[in-house]
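> What follows is a protein structure lacking sequence information:
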């Protein structure tokens, strides 16, 4: 078995996340209680309200705290990956698992990142939409045709047949219309607070560049596959540059999953609320075994299966 961890991103969060882990595990409680944020992270995760939890300024540290707690429990159980990746903010959890960041560092960084992303498009009418059943090239052509109305780009390459576009709302709407005309099965507007992973996030990228100048990076214990590359680092790449680039460029998750398979991964543990990423894996590579850890019950089942394997 060659195991990889895959960390969930924004959109998977839900009220109540982490409560069962917190109630039974001192190690998980320690991560949550020491989270360096200026709000009550535990209360927001456990009790909401949902609209505040969905605000990127709060979602990001909550998700990374959850992931850090579950990762600590997996390590305690003797389950360690050969490599890791994450969707968007999940990349910080992958780096934390690999030892590049401490849990406190990762939580503080994504709290900063969330605020920078929210501020990047303050007062600008933006949007995102999932496009189902269309290939990359056809959707890229639709975005180009809609660009006279503003910025619109492919933000996420999630899996075959599922792409996400983002940018200025009029251009996103027009690109969605053109995508439907070109044969898209559905175009679904997303309830998000900004056009994430598009060039409109350039101010957030610049803010991250400055913030990361003062960050101490630990040695990487195992390879991390980066969103903006869809694979591991290459000579000349640096983690700060890749994180700056990540916030304002496309997430190549489908490519990441294919790269994991090419590196010999045959088992993936999805860490975070929900099971969305496991679905992406199954639609991308047929022969990878997946486990999803959202609840303490999921954790017990996954660890039992992995230890048995």
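On my side now, so go ahead. Predicted, not measured: the structure shown is a model, and the values here were computed from it.
> quick one, longest helix in this protein?
helix 56-76 (DSSP state H).
> what comes up buried for that one?
Buried residues in helix 56-76, counting neighbours by 16 or more other C-beta atoms under 10 Å, are found at 56-74. All C-beta spots, glycine's among them, are computed from the backbone N, C-alpha and C.
> repeat for stretch 206-224
Going by 16+ other C-beta under 10 Å, stretch 206-224 has these buried residues: 207, 208, 211, 212, 223, 224.
> which residues of this structure fall in helices?
Under DSSP H, the chain gives helices at 19-24, 26-33, 41-47, 50-53, 56-76, 90-97, 103-120, 136-146, 169-181, 202-212, 239-246, 253-262, 276-284, 296-308.
> Tell me which of those helices sits most buried.
Mean neighbour count (mean count of other C-beta atoms under 10 Å) peaks for helix 90-97 among those, with a mean of 29.
> Need the contact partners of that one.
Contacts with helix 90-97, where a contact means C-beta atoms under 8 Å, 6 or more residues apart in numbering, come from 5-9, 63-64, 67-68, 71, 81, 84-86, 101-103, 105-106, 109-110, 113, 220, 224-227, 239, 243, 246, 271-272.
> repeat for stretch 219-231
By C-beta under 8 Å, 6+ apart, stretch 219-231 touches 80-88, 91, 94-95, 98-100, 157, 197, 232-233, 237, 242, 245-246, 249-256, 258-260, 263.
> thinking again about what came up before, ok, which of the helices of the chain comes nearest residue 153?
With C-beta to C-beta as the measure, helix 136-146 is the member of those nearest residue 153 (6.0 Å).
> Tell me the spatial nearest neighbour of residue 92, not counting adjacent residues.
residue 106 (4.8 Å; C-beta to C-beta, 6 or more residues apart in numbering).
> hmm, back to that, quick one: the helices of the chain as JSON lines, columns for mean pLDDT and distance to residue 193 too.
What follows is these, written out as JSON lines (pLDDT from 0 to 100; distance: least, C-beta to C-beta, whole Å):
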{"stretch": "helix 19-24", "mean pLDDT": "98", "distance to residue 193": "25"}
{"stretch": "helix 26-33", "mean pLDDT": "95", "distance to residue 193": "24"}
{"stretch": "helix 41-47", "mean pLDDT": "97", "distance to residue 193": "16"}
{"stretch": "helix 50-53", "mean pLDDT": "94", "distance to residue 193": "10"}
{"stretch": "helix 56-76", "mean pLDDT": "96", "distance to residue 193": "5"}
{"stretch": "helix 90-97", "mean pLDDT": "98", "distance to residue 193": "18"}
{"stretch": "helix 103-120", "mean pLDDT": "96", "distance to residue 193": "6"}
{"stretch": "helix 136-146", "mean pLDDT": "98", "distance to residue 193": "21"}
{"stretch": "helix 169-181", "mean pLDDT": "98", "distance to residue 193": "13"}
{"stretch": "helix 202-212", "mean pLDDT": "97", "distance to residue 193": "12"}
{"stretch": "helix 239-246", "mean pLDDT": "98", "distance to residue 193": "18"}
{"stretch": "helix 253-262", "mean pLDDT": "98", "distance to residue 193": "21"}
{"stretch": "helix 276-284", "mean pLDDT": "97", "distance to residue 193": "19"}
{"stretch": "helix 296-308", "mean pLDDT": "96", "distance to residue 193": "28"}
